[in-house]
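**Q** Sequence and predicted structure, then a few things I'm wondering about:
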Amino acid sequence: MQSVAMKSVTRALPKRFAAVSSRRATVVVRASEEPPTTEGSSPATPPPPPPAPAKKSISFGDAMAFSGAGPETINGRLAMLGFIAALGAEASSGETVFQQIGDAEPSILFAFIMFAAASLIPIFKGVKKEKFAFFSPEAEMLNGRAAMIGFALLIAIEAKSGAAFF
């Protein structure tokens, strides 16, 4: 007895193909053991990788040393934050940086302290600086250095002229 699908195939194909397609084929699958590996050949699975070395934590003195990771990172981040904040405040109020510092609220100082603390935590944990999306450690250092120079020049210009720069 043929199925409905086979009947349509037998109508479309010549009789010799239909006879071949209507037979059932039996496939026998046998498994065999792999031959043992010799001493010179490599095993089928590679050995597991060695465990990653533990990250060593850094002390506060090492992090904040002159050649440590902390000072330039923290100062650069705070300079970027401060330069943009000073630029926005000068544009809206017309006050110099010194006048803004005198009028600063404790919440602004708290924000700067939190940025400094947040910059220190990865340094203490020994986290390696890695590129993330389009952020790279080199770009952060370059932007931080530019912000430090820009903020210092802004203060110098305003101290000399006595008026807001922006």
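**A** Received it, and whenever you're ready, just let me know what you need. Note that the structure is predicted; figures quoted are calculated from it, not measured.
**Q** neighbours of the spatially closest residue to residue 81 that is not a sequence neighbour, just the number please.
**A** Among residues not flanking residue 81 along the chain, residue 115 sits closest, at 6.1 Å (C-beta to C-beta, 6 or more residues apart in numbering). Any C-beta I mention is one placed from the backbone N, CA and C, and that applies to glycine too. Residue 115: 16 surrounding residues under other C-beta atoms under 10 Å.
**Q** now swap in the one 5 residues further on and tell me
**A** Per other C-beta under 10 Å, the neighbour tally for residue 120 reads 18.
**Q** ditto for residue 132
**A** 8.
**Q** try the one 5 residues further on
**A** Applying the criterion other C-beta under 10 Å, we find 13 residues in the vicinity of residue 137.
**Q** give me the number of residues near the residue nearest to it when sequence neighbours are not counted?
**A** Distances taken as C-beta to C-beta, 6+ apart put residue 129 closest to residue 137, at 3.9 Å, once the chain neighbours are dropped. Neighbour count for residue 129, taken as other C-beta under 10 Å: 14.
**Q** Looks to me like residue 129 is in a strand.
**A** No. Secondary structure of residue 129 (DSSP: H, G, I helix; E, B strand; the rest coil): coil, not part of a strand.
**Q** I'd like the distance from it to residue 139, if you could.
**A** 11 Å (C-beta to C-beta, to the nearest Å).
**Q** In contact with the residue nearest to residue 81, which residues?
**A** 74, 77, 78, 81 (C-beta atoms under 8 Å, 6 or more residues apart in numbering).
**Q** thinking again about what came up before, how near is the residue nearest to residue 137 to residue 29?
**A** Taking C-beta to C-beta, one finds residue 129 at 55 Å from residue 29.
**Q** for residue 131, same thing?
**A** Separation of residue 131 from residue 29 (C-beta to C-beta) stands at 50 Å.
**Q** I would like the residues contacting stretch 129-143, please.
**A** 72, 73, 76, 77, 80.
**Q** please redo it, this time with the cut-off set to 7 Å
**A** If you take C-beta atoms under 7 Å, 6 or more residues apart in numbering as the criterion, stretch 129-143 is touched by 72, 76, 80.
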